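Participant: predicted coordinates and the sequence they were generated for:
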Amino acid sequence: MSQAARSPSSPVAGLDAAGVVDAIRRELRDWVWLAVGALAVAGVFALLLALSRIPGMDSAPFWPIGFFYKGLVIHVVFSLVIWLLGVFAFLVSVATLRVGGEGARAAPLGRIGQGFVLIAFPCLFAPAFFDATEPELTNYIPLIRHPAYDVGLILLALGVLAPVARLFLNLPGRRAAIPPLALAMSIAGFIYGLALFAFAVAGTLLAERGELMFSRELLFWGGGHLLQFVTAVVLVTNWRILARRSLGKRAVSDGVFSIAVLIIGALAIPAPFFYSAFDAFSDAQHEAFRLLQFGIAVPTLIFASSLIARARAIGRPSRLPWRDPAFFTLAVSLALFALGGVMGFLITGSDTRTPAHYHAVVTAVSVSSAGMLLTFGLEELGRRPVSALTTRALIALYGGGQFVASIGMFVAGGYGAARKTPTGVGSLDAVAAAGMAVHGVASIFTILGGAAFVIVAIRALSRPAMVRSISPLGRD
C-alpha cells in the first residue's frame, strides 16, 4: 500500500476511522441489549419465584427440587450484578469514544467482552434447573454451587474487564484534558480492577487453606464491597448526565463532580491491602471492609448537595422541569438514595432493615440507569426518544414502588422480621406482618415498572436508527 493510502488524511484512512466509530456505536447498542436482557431474565425468574410459592409446587413434574432459593440467586445476580455491570460497560464504551474518537485503539476488545458476557448468561442461569445443585445466599454475589456457574462468573468478570482495558489503552497520548465522563469511568474501571484483584487474593488465600470450595462468603466479601464503589461512580455519573440534560450545563459543577469521583477512587485504594494489614478473614478485616463502604456516602452527598443547591438557584421547586423525564428520574433517584442512606445509619442487628437499606440504594442506581438509557442512551444510539409520559410513568412505578417497599421492609425489620426467608415474617407480631404486607404490595409496582422498562427499551432498541445529527464524538 502506498504512503498516501496509509496517510491519516487519505480517504481510505478516513473510512477506516469512521468504521471504528460505527463499530463502537454498534457495540454500545449491544451493551444496552445485554443489560436489558439481564433484566428480562431476572423478570422471568421473578415469575418462577412467584410460582414456586404455590403450595405443592416442589412436587410438580419437571419442577426443580428446592427451586425457590436457586431462583432467588439468579434473580438477584441478573437484576443487580449483570444489569448494573452492563450499564457500566455501556458508559465505559461511551467514554472510549470521547477520548479515542476515530482513532480509538483496540476497538475489537469491546466485542470480545460482549461475547464473554453472552456466553456467561446460560452458564449462570442453567444450574438453577439442576436438581443436584445447592444455592448459597452470599452477600453481594449469591451463587449456585456448580462448575458452570463458576465459569459464568469468570466469563462475566472478563467480559466487563475488556472494555475497561480498552478505555485505559486510549487514555495515553491525549493533549486535551480528559472529559469528565471519561475521568469518572477511568476511576470506576480502576476500582473494578481492584475488585477483581481482591477476589483473586481472597481465592488464593482460601485455596492455600483448602477452604476455597466451602467459604464463598469470604471469597466475595472484599471484592463485593469494592463493586459497590463502582456502582457509586455509575450513580453520580448518571446524576450528572440527567442533570445536564434537564437543567443545562449550569446545573452541574464539573469540578465538584470530579472531586466526588476522585474521593470514591481514593477510598477504594486501601481495600486490597486489608488482606495483608489484618489476619486473613478475621473479624477485624471483615469489619474494615464494612466500615470502608460508609465512606461512599461522603462524596455522593457532596455531589448530590451541589446538584440540589444549583437546582434551587435555578428557580422554585414548582418551576423545575418535572415533566422532563431526565429530571423526574434524577429526583426519584435522589429520593431513593436519601432514604437508603438514612436507613443505613439506623440499622442495628441483622433483619430486613438491612435489605431495605440495600434495595433503596441499589434501586437509586437502577432507576438512574434506566432513565439515563431511555434519554441519553437512546440519543447516543441514534434511536427515536421514548415519550416523556411513558418514561415518567415507568420510573414512578419502578422507583416509587421500591420507595414504599423499602419503608415497609424497614418497619418489619424493626419488629424482628428475619431476612433471606420466603416471607420474612413467620410468626411475628401484627406490625411486622403489616410491614411485610406493604412491602409485598409495593413490590408489585416495582416489578411492573421494571417490566415496563424492559418492554419499552426493547421496542426502542428494535427501531431503525435515525440519521445522526450530532458529531460522531457526541456530547459530554
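Facilitator: Everything's here; your move.

Participant: give the closest residue to Phe303 in space, chain neighbours not counted.
Facilitator: Ala260 (4.1 Å; C-beta to C-beta, 6 or more residues apart in numbering). Where you see a C-beta, it was placed from the backbone N, CA and C, and this is true even at glycine.

Participant: with Ser306 instead?
Facilitator: In space, Ser306 is closest to Val256, 4.4 Å off (C-beta to C-beta, 6+ apart).

Participant: check contacts around that neighbour.
Facilitator: Val256 sits next to 302-303, 306 when contact means C-beta atoms under 8 Å, 6 or more residues apart in numbering.

Participant: give me that answer again for 10 Å
Facilitator: 236, 240, 299, 302-303, 305-307, 309-310 (C-beta atoms under 10 Å, 6 or more residues apart in numbering).

Participant: ok, those vs Pro355, which is closest?
Facilitator: Pro355 lies nearest to Val236 out of the contacts of Val256, by C-beta to C-beta, at 23.2 Å.

Participant: in the helix or strand that contains that closest one, what counts as buried?
Facilitator: Using DSSP states H and E, Val236 sits within helix 216-247. For helix 216-247, the neighbour count (16 or more other C-beta atoms under 10 Å) marks 216-247 as buried.

Participant: which of the contacts of Val256 sit farthest apart?
Facilitator: By the measure C-beta to C-beta, Pro299 and Arg310 form the most distant pair in the contacts of Val256, at 16.9 Å.

Participant: which one of these two has more residues nearby?
Facilitator: Per other C-beta atoms under 10 Å, whichever of Pro299 and Arg310 has more neighbours is Pro299, with 24 against 17.

Participant: so what's that one scoring on pLDDT?
Facilitator: We have a pLDDT of 96 for Pro299.

Participant: quick one: residues contacting it.
Facilitator: Per C-beta under 10 Å, 6+ apart, neighbours of Pro299: 229, 232-233, 236, 256-257, 259-267.

Participant: hmm, which two among the residues you listed are most spread apart?
Facilitator: Between any two of the contacts of Pro299 (C-beta to C-beta), the greatest distance is 18.4 Å, for Phe229 and Val256.

Participant: circling back: by how many degrees do the first helix or strand past the helix holding Val236 going along the chain and helix 216-247 diverge?
Facilitator: Downstream of helix 216-247, the next assigned helix or strand under DSSP H and E is helix 254-268. Put simply, helix 254-268 runs at 180 degrees to helix 216-247, going by axes from the mean of the first three to the mean of the last three C-alpha atoms, to 10 degrees.

Participant: for the following helix or strand past helix 254-268, give the mean pLDDT please.
Facilitator: As assigned by DSSP H and E, the chain's next helix or strand after helix 254-268 is helix 274-277. Mean per-residue pLDDT for helix 274-277: 93.

Participant: and whichever helix or strand comes after helix 274-277, what's its mean pLDDT?
Facilitator: Where DSSP H and E defines the elements, the next helix or strand beyond helix 274-277 is helix 283-293. Average pLDDT, helix 283-293: 90.

Participant: how far away from the center of its chain is helix 283-293?
Facilitator: 22 Å (C-alpha atoms, centre = their mean, to the nearest Å).

Participant: with stretch 21-40 instead?
Facilitator: Using C-alpha atoms, centre = their mean, the offset of stretch 21-40 from its chain centre is 15 Å.

Participant: which parts of it are buried?
Facilitator: Residues of stretch 21-40 classed as buried by neighbour count (16+ other C-beta under 10 Å): 21, 24-25, 27-40.

Participant: between whichever strand or helix holds Thr354 and helix 216-247, how big is the angle?
Facilitator: Assigned by DSSP H and E, Thr354 belongs to helix 353-372. Going by the same axes, to 10 degrees, helix 353-372 is angled at 40 degrees with respect to helix 216-247.

Participant: who are the packing partners of helix 353-372?
Facilitator: helix 11-52, helix 83-100, helix 216-247, helix 297-314, helix 325-346, helix 388-395, helix 401-414, helix 430-462 (3 or more C-beta pairs under 10 Å, 6 or more residues apart in numbering; DSSP states H and E).

Participant: what helices or strands is the second one leaning on?
Facilitator: In this case it means helix 83-100. If you count contacts as 3+ C-beta pairs under 10 Å, 6+ apart, helix 83-100 packs onto helix 11-52, helix 108-125, helix 147-169, helix 180-209, helix 216-247, helix 353-372, helix 378-381.

Participant: against which helices or strands is the fourth one packed?
Facilitator: Of the remaining helices and strands, those touching helix 180-209 by 3+ C-beta pairs under 10 Å, 6+ apart are helix 83-100, helix 147-169, helix 216-247, helix 254-268, helix 274-277.

Participant: okay, buried residues for the shortest one please.
Facilitator: The one in question is helix 274-277. 274-275.

Participant: pLDDT of stretch 317-324, averaged?
Facilitator: Averaging pLDDT along stretch 317-324 gives 89.

Participant: tell me the contacts of Phe88?
Facilitator: Listed by C-beta under 10 Å, 6+ apart, the contact set of Phe88 reads 31, 35, 160, 163-164, 185, 188-189, 192, 227, 230-231, 233-234, 237, 369.
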